[in-house]
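Q: sequence plus predicted model, see below.
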Amino acid sequence: MHNLALALHHQGHQVTGSDDEIFEPSKSRLEEQGLLPREIGWYPENITRDLDFVILGMHARENNPELIRAGELGLKVLSYPEYIYEASRNKTRVVIGGSHGKTTITSMILHVCHYHGVEIDYLVGAQLQGFERMVHITDENEFILIEGDEYLSSPIDRRPKFHLYKPNIALLSGIAWDHINVFPTQENYDAQFSAFLETIEPGGALVYYSPDQRLSEIVASSNNFFKTFPYETPEWRTENDQVIVSFPEFEVPVKVFGTHNVANIEGARLICNQMGIVNEQFYEAISEFSGAQKRLELLYETEDDQVFLDFAHAPSKVRATTEAVKGRFPNHEVMICLELHTFSSLNPEFLPQYNGALDAADEAWVFYSPKAVAHKKLPPLSPTDVREAFGREVRVFTQTELLQSDLKHHSESVKKPIVMVFMSSGNFGGLDFATFRLR
């Protein structure tokens, strides 16, 4: 939402906003542009008849006093994805969806376009080096690249976001059940992807990861008319500490690693082809892609140790990242620390989905906050529940200080180089990554 506010301000619109909590870096970035609310909180008097429309984010609730006031005044209220569609109605909409990898694939495509000076509009869920903000909307650009999230659009619009974009070109990276609070069964979750396929503009294009059997079945059963471009993971190897991907024309060195990221590269290549970027241009640019923020982002390194931060939290993402790291650093002690932070991950009914997700790690820690469990109105979770769910020995902590102490204590006993990965969409109860050191 703050990136959209910055983008609209950059376009020359008069932008105001409200929230009851604003965190960094959003707070400073809004303040720099004079967009930070004078008072934190919800105030009906902020909503006046002279507003052209209100854009409603997921953080508000149905009984929000400003939302109620907008209704009383008969103002137009749009969800975030509704506005993005309205702003891109006359553009070629490229939507990247799937349960995992969509931020990385979107970032790869944007990097390639930026590398070759191809001007496009975009909406990406992670910060990329060299970009001031991650929402960019113009009147003149032909393409808009959209990361298509399957979560709900707003408190008063229960449709998944990616159902509203009506893509001309789309990608689906795979399906792995998530968001149990709104999609209580695998079948219900799958149905959202079936519905997404029906929103592709007739005659459009779909790029999809064909080894995902569930996804392939959904694509095959669609009644919509679009061109299909299935893809698989290209062959790749590590040579002299360098990942080499084998494409039909060339072998290309890349800076990311892991089978899932090589698959992401192939999906990004096919989308770029649909946008008029040929393979030779793609290979040249992708070799310089170093990743998106919080996607295996290197926090610090010493002569022996490396510490990464990764956004992985769903079981499929946790497994893929863990296996990628161990595959990339087979001779290191791989330490994985996962925070259970989302509604799904803290739900005792969903927790068994994590069985085996951390098996590739040499040592594994799992952190969760009992306060977060209570805040989400979920049944209490015990450390025993967590250990049993993962199906392997994991060290379970509920206090940040004790977690940090145990990580240091274990690392000091390790005699070989260490690769440590923190995985979460949260912050481990306030752990200071800027000052954290293993040993």
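A: In hand now; what should we look at?

Q: residue boundaries of the helices in the stretch 301-439 of the chain?
A: With DSSP state H, counting those that start in this stretch, the ranges of helices along the stretch 301-439 of the chain come out as 315-328, 370-375, 383-390, 400-413.

Q: please identify the most buried of these.
A: Neighbour counts (mean count of other C-beta atoms under 10 Å) averaged over each of the helices of the stretch 301-439 of the chain peak at helix 315-328, with a mean of 22. All C-beta atoms are positioned from the backbone trio N, CA, C, and that covers glycine.

Q: where in the stretch 301-439 of the chain is pLDDT low?
A: Counting by pLDDT under 70, the stretch 301-439 of the chain contains no low-confidence range.

Q: longest strand anywhere in this protein?
A: Identified as the longest strand of the chain according to DSSP state E is strand 333-340.

Q: the stretch 151-300 of the chain: strands as residue ranges?
A: 152-154, 157-160, 169-172, 204-209, 226-231, 236-239, 242-246, 251-254, 297-301 (DSSP state E, counting those that start in this stretch).

Q: tell me which of those strands lies nearest to residue 9.
A: strand 152-154 (21.3 Å; C-beta to C-beta).

Q: mind listing what that closest one pairs with, with the direction of each?
A: Strand 152-154 has the following strand partners under DSSP bridges: strand 157-160 (antiparallel).

Q: mind listing what's buried along the strand it pairs with?
A: 157, 160 (16 or more other C-beta atoms under 10 Å).

Q: the residue nearest the centre of the chain: what secondary structure?
A: Nearest to the geometric centre of the chain sits residue 103, at 4.6 Å (C-alpha atoms, centre = their mean). Three-state call for residue 103 (DSSP: H, G, I helix; E, B strand; the rest coil): helix.

Q: what does residue 111 give?
A: helix.

Q: touching, it and residue 282? I think so.
A: No. Taking C-beta atoms under 8 Å as the definition, residue 111 is not a contact partner of residue 282, at 10.3 Å.

Q: residue 116 is nearest to which of the helices of the stretch 301-439 of the chain?
A: Here helix 315-328 is closest among the helices of the stretch 301-439 of the chain (C-beta to C-beta), at 27.6 Å.

Q: between helix 383-390 and that closest one, find me the angle.
A: 70 degrees (axes from the mean of the first three to the mean of the last three C-alpha atoms, to 10 degrees).

Q: what sits up against helix 315-328?
A: 99-100, 174, 176, 238, 243, 257-261, 296, 308, 310-312, 334, 336, 338, 353-354, 356-362, 419, 421, 423 (C-beta atoms under 8 Å, 6 or more residues apart in numbering).

Q: now swap in stretch 10-30 and tell me
A: So stretch 10-30 is in contact with 1-2, 5-6, 8-9, 35-37, 40-43, 46, 59, 66, 133, 137-138, going by C-beta under 8 Å, 6+ apart.

Q: about what we covered before: so what pLDDT did the residue nearest to the centre of the chain get?
A: Residue 103 carries a pLDDT value of 90.

Q: then residue 293?
A: pLDDT at residue 293 comes out at 69.

Q: for residue 60, same thing?
A: At residue 60, pLDDT is 88.

Q: need the three-state assignment for it.
A: Assignment for residue 60 (three-state DSSP): coil.

Q: bridging across strands, which residues link to residue 298?
A: Assessed by DSSP bridges, residue 298 has beta-bridge partners residue 308.

Q: could you pull out the helices for the stretch 51-200 of the chain?
A: 65-72, 80-87, 102-115, 186-199.

Q: what's the closest of those to residue 276?
A: helix 102-115 (10.1 Å).

Q: still on that earlier bit, just the buried ones out of the contacts of helix 315-328, please.
A: 99-100, 174, 176, 243, 257-258, 260-261, 296, 308, 310-312, 334, 336, 338, 353-354, 357-358, 360-361, 419, 421, 423.

Q: and the residue nearest to residue 289 when sequence neighbours are not counted, what pLDDT?
A: Distance criterion C-beta to C-beta, 6 or more residues apart in numbering; nearest residue to residue 289, sequence neighbours excluded, is residue 111 at 4.8 Å. We have a pLDDT of 95 for residue 111.

Q: ok, now how distant is residue 111 from residue 105?
A: 11 Å (C-beta to C-beta, to the nearest Å).

Q: domain ranges for this structure?
A: Here the domain assignment for the chain is 2-75, 82-286, 297-423, based on automatic domain parsing.

Q: measure the residue nearest to the centre of the chain to residue 109 for me?
A: 11 Å.

Q: next up, the contacts around residue 79.
A: Residue 79 touches 55-56, 153-154, 156-157, 161, 164, counting by C-beta under 8 Å, 6+ apart.
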